[in-house]
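Chemist: Structural data only, the sequence is not supplied:
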């Protein structure tokens, strides 16, 4: 399934050629990607609605549970993802200017930052699980209902987000290969731009996840 | 002749069927017309399987008590009937078949914006269907929750809910990608001169639908994921023992599933809007009103989902708000009905099967809509919810509306897609039988519900016996009519007379190219100089 | 060959400035939450800052600001409206349970 997503993202921009040369509708390709991004916003939006309802009903429990998250690690992860957005944005500008090597280096930086984000997330999760806090654990079930819900939402939302980061890293690695093969270059770069849009989407979702889970006061 | 016809007749006539052969050239095709047909084959096959399930359901319900099966089987049957009909037939049917096949042609394009994504959508559809069928055969057996998978029962029942909801998730992905493809196609690939106001109303219908697909489907996507995660990891968001809220599940489910009903009906309305002018030989009355009312239905239809939940335990305030909004959404639908009737008024009516299916659409959809208003009012809803009134209502809308719209499309576009014609007399007879059977069957359901017969019940009190018998009898007439209709179409497919390129004298672009169309549709992309229903223009130039 | 309507690529310095804005806003939201404890207003402030950050990412990193076609100007307000409608109507239930009309 991941492979299908990768392939579809990679080839999304190639419109069918009208009997003669290969003509690519750059704006059309971008529009398609934006529409996909809208659907992703709604996907996560659904979970934000669930979060809002459960927080509304259990404000104290949410506050209490939130204190158990590592706010320093969360803030660090936010900065990491924001920086990765910077690196990919610059990477795209670089390729538009014909600076392929710079573009590739910045792509690798983006991927590395994404990996660090995931490693940090991994630490957070394993720490919690080590303390017996995971869905359906006896420790968690003994706690007040609001806290059970907080951690349920925490795992599902950050988990789904993390999965999107992982997919993003895979997509970027494909882009890296395509630049190396000159299939993406100064003349034809819309796949990279679309991959960038996806990466920024993942960043924006985290921009909201961060305060809602780590900064509940 | 229009300039398009002049150019097209010069070009050698190789249809898109002949261009490449062999099964791989079909299942790995990038041609929107082939993909449309691939979808059509499966949609029709799934429709048949849904009808068979329905047949056995009605057979069981012909008498009180057990007739041919036990209660668990019955629960599984109505669940599967719903899942198959909703997710595998009615939601995808028109956009993926006729939408794929005709939208590009009607806007003057060679294909959709993303042909490979189109193929991916079809493969996801088939995969989703396979997964759903596996849920029948494996694990604890087929789901028995109803197609609505309400929590907490869906979290606890030992049957194969996870596989079924995973299948629904995959089908949702297919739907979203189709929506993305068709919106982008409409924005970017219109031929020169094909302004938004010259688009056929079928395109407007598909366009509005596609927005709903993009913006509403992800909600059911995440809801299905959450059911899955709750069953395997005990996350608890909808589970009251963990502080979760089952009513919240219903909100999330219906936030998609109500707009899904508009995904079902808007394309069918688009078909009616295209067909009626052709057979009234008259421009559509109120083009912009129909185009924009479709967008209004898409928008307002996303605000009414709570009308499925009046008795669920949601707040009284929400009840009132949703009831009010439900009444408002009837307005744009009514605008369409008025405009279709106004188009027919003083038109030169040509009685052909496509028109007959459209006329009955208008009648049956109106009954469906009016019954919807009755149940949208809070006090009646208390009595009617979860009775047979509800399936009576939605079969009028979905089957009488969308289904008949689909059948109209079959009969309208058949000569264009296959280059042959079916038997007109048999088509009209089949239509008559279907219409009679349909009303005997589903009107009985409305009456049963009014009398208080609960839905999704395996057994019932003796007072309901006559109406159930009538309904089952009606279902047999309906099925007989369907068999004749499909038999006629299949016969026409293989043995029908070759048809002209424009047997109905339509003015939209698909009628200006050969039947069946060539690969890439147009030798030269046409330049559009008139609207989609300018019959006078066409006749002047021809 | 790519058909393209847009103009020239953004300057590197624009991106760095935006990034600095994002980091500052992150520091701000952290400080307000952890040091200042605004109580009831906390969530509104946090969401306002998150909204501003997203707006920067959307407009500059994702180039929405420089898009000329109407459809690009419409899509983000559209999805925000959709989300708002979903959450408000859901709360018309959740916030009024037990209130008899």
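Modeler: The structure has been received and is ready for your questions. Keep in mind that what you see is a predicted model, and the values were worked out from it rather than measured. Numbering: from 1, shown residues only, chains lettered A, B, ... in the order given.
Chemist: If we go by neighbour counts, what in whichever helix in chain A runs longest is buried?
Modeler: Across chain A, the longest stretch assigned as helix under DSSP state H is helix A:145-180. Residues A:145-158, A:160-162, A:164-172, A:174-176, A:178-179 are the ones in helix A:145-180 that count as buried (16 or more other Cβ atoms under 10 Å in any protein chain shown). C-beta: built from backbone N, CA, C; applies to glycine.
Chemist: quick one: it near chain C?
Modeler: No - Helix A:145-180 stays out of contact with chain C when judged by Cβ under 8 Å from any Cβ of the partner chain, the minimum separation being 13.4 Å.
Chemist: chain center to the helix or strand encompassing residue B:330: distance?
Modeler: Using DSSP states H and E, residue B:330 sits within helix B:316-344. Relative to its chain's centre, helix B:316-344 lies at 19 Å (Cα atoms, centre = their mean, to the nearest Å).
Chemist: Packing partners of that helix?
Modeler: helix B:246-280, helix B:287-300, helix B:353-376, helix B:378-384, helix C:70-94 (3 or more Cβ pairs under 8 Å, 6 or more residues apart in numbering or on different chains; DSSP states H and E).
Chemist: Quick check: which of these is buried the most?
Modeler: Mean neighbours per residue, mean count of other Cβ atoms under 10 Å in any protein chain shown, is largest over the helices and strands packed on helix B:316-344 for helix B:246-280, with a mean of 26.
Chemist: returning to that earlier point: how far away from the center of its chain is the longest helix of chain A?
Modeler: 5 Å.
Chemist: Spatially nearest residue to residue 106 (excluding sequence neighbours)?
Modeler: Using chain A. Excluding the flanking residues, the one nearest residue A:106 by Cβ to Cβ, 6 or more residues apart in numbering or on different chains is residue A:91, at 3.6 Å.
Chemist: The chain in question should be chain B.
Modeler: Counting by Cβ to Cβ, 6+ apart, the nearest residue to residue B:106 once its immediate chain neighbours are dropped is residue B:200, at 4.9 Å.
Chemist: Contacts only, for the spatially closest residue to residue A:131 that is not a sequence neighbour.
Modeler: Nearest residue to residue A:131, sequence neighbours excluded (Cβ to Cβ, 6+ apart): residue A:139, at 7.4 Å. Shown in contact with residue A:139 (Cβ atoms under 8 Å, 6 or more residues apart in numbering or on different chains): A:131, A:132, A:133.
Chemist: ok, of those, which one's closest to chain B?
Modeler: Distances from chain B to those, taken as Cβ to the nearest Cβ, are shortest for residue A:133 (13.0 Å).
Chemist: separation between that closest one and residue A:76?
Modeler: Distance from residue A:133 to residue A:76, counting by Cβ to Cβ, to the nearest Å: 21 Å.
Chemist: repeat for residue B:101
Modeler: Taking Cβ to Cβ, one finds residue B:101 at 53 Å from residue A:76.
Chemist: So for those two, which sits in the more crowded spot?
Modeler: More crowded of residue B:101 and residue A:76, by other Cβ atoms under 10 Å in any protein chain shown: residue B:101, with 25 against 14.
Chemist: Cross-check the contact I'm expecting between the more buried one and residue B:418.
Modeler: No - using Cβ atoms under 8 Å, residue B:101 makes no contact with residue B:418, being 11.3 Å away.
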